[in-house]
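[1] Need coordinates for the below:
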Amino acid sequence: MLIPGLFVGASPTSFAVDSFKARPGSSDLAAYPNQGLTQKALDVSSDEFSELVPRSYRVNYGKAVVGRGEKDFHKAAQMIRSGRALSHNWCEFFVPRLEDRSVPIVVAQSPFPFFWLLMASKLLFVEEKRDRVSIGWGTADRHFLQGEEVVSVEWDKPGSGDVTMQITSFSKPRGLLAWVAMPYVVLMQRKFVRDSLRKTSNLCRST
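    The predicted model follows:
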């Protein structure tokens, strides 16, 4: 396993992120089973999806109504395209142009103040429909975990009009350090889902 990147400072600089993207392994998808599986998570229940995931992998799932109507749908969709909905004071997403799948998605996570871990993922699919937008990625070789994640927003246009955001992932640790840190990782995965759903909902309501 290739090690993730490290950055010390208030927030990762563009130079640090670009340098990390250029490292060998940042754009190479890690070896794990059922690649592309998260695309099925959009059309089945969380229980049904869990049955499809290999036993050694853990599923993380969250779903909430974040808005209502066409305007909120387009707002939420743009927020996941840009990574804004997924970035917080302890976690930053650097999402490339979605047309260029050769450039990795970089996630910077801060387990301690002024200390950041840079981890790379590879874009797997982008779905753009009139009532649903979704983005899925898989972990690259420079990541502590192996697995996939998908984020989607969907507009129930013919029904309630609600705009729903869903985040689903399956993963397991790579390497000894990741195994030791897994209890912390699980807590942060849950926090990521809660914070992202709440932020998207707040931004839809405030603008």
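[2] ok, the helix or strand that Glu154 is a member of: who's next to it in the sheet?
    Mapping Glu154 onto the secondary structure by DSSP states H and E places it in strand 145-155. Sheet pairing for strand 145-155, assigned by DSSP bridges, gives strand 132-139 (antiparallel), strand 162-173 (antiparallel).
[3] Could I get those strands in a markdown table, plus columns for mean neighbour count and mean pLDDT?
    Where C-beta positions appear, they are placed from N, C-alpha and C, glycine not excepted. Output for the strands paired with strand 145-155, formatted as a markdown table (neighbours: other CB atoms under 10 Å; pLDDT from 0 to 100):
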| stretch | mean neighbour count | mean pLDDT |
| --- | --- | --- |
| strand 132-139 | 22 | 96 |
| strand 162-173 | 23 | 97 |
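[4] TSV for those, including distance to Arg58?
    Listed next are the strands paired with strand 145-155 as TSV, based on distance: least, CB to CB, whole Å:
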stretch	distance to Arg58
strand 132-139	13
strand 162-173	6
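[5] What's the biggest strand in the protein, counting residues?
    Scanning the chain for the longest strand, with DSSP state E as the assignment, gives strand 115-128.
[6] mind checking how far it is from the chain centre?
    Centre-to-centre, strand 115-128 and its host chain are 7 Å apart (CA atoms, centre = their mean, to the nearest Å).
[7] Name the surrounding residues that touch stretch 6-18.
    The contact list for stretch 6-18 (CB atoms under 8 Å, 6 or more residues apart in numbering) reads Gly5, Glu92, Phe94, Val106, Ala108, Phe114, Phe115, Trp116, Leu117, Leu118.
[8] Buried among those residues? Make that a ChimeraX selection.
    Per 16 or more other CB atoms under 10 Å, the buried members of the contacts of stretch 6-18 correspond to this ChimeraX selection:
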select :5,92,94,106,108,116,117,118
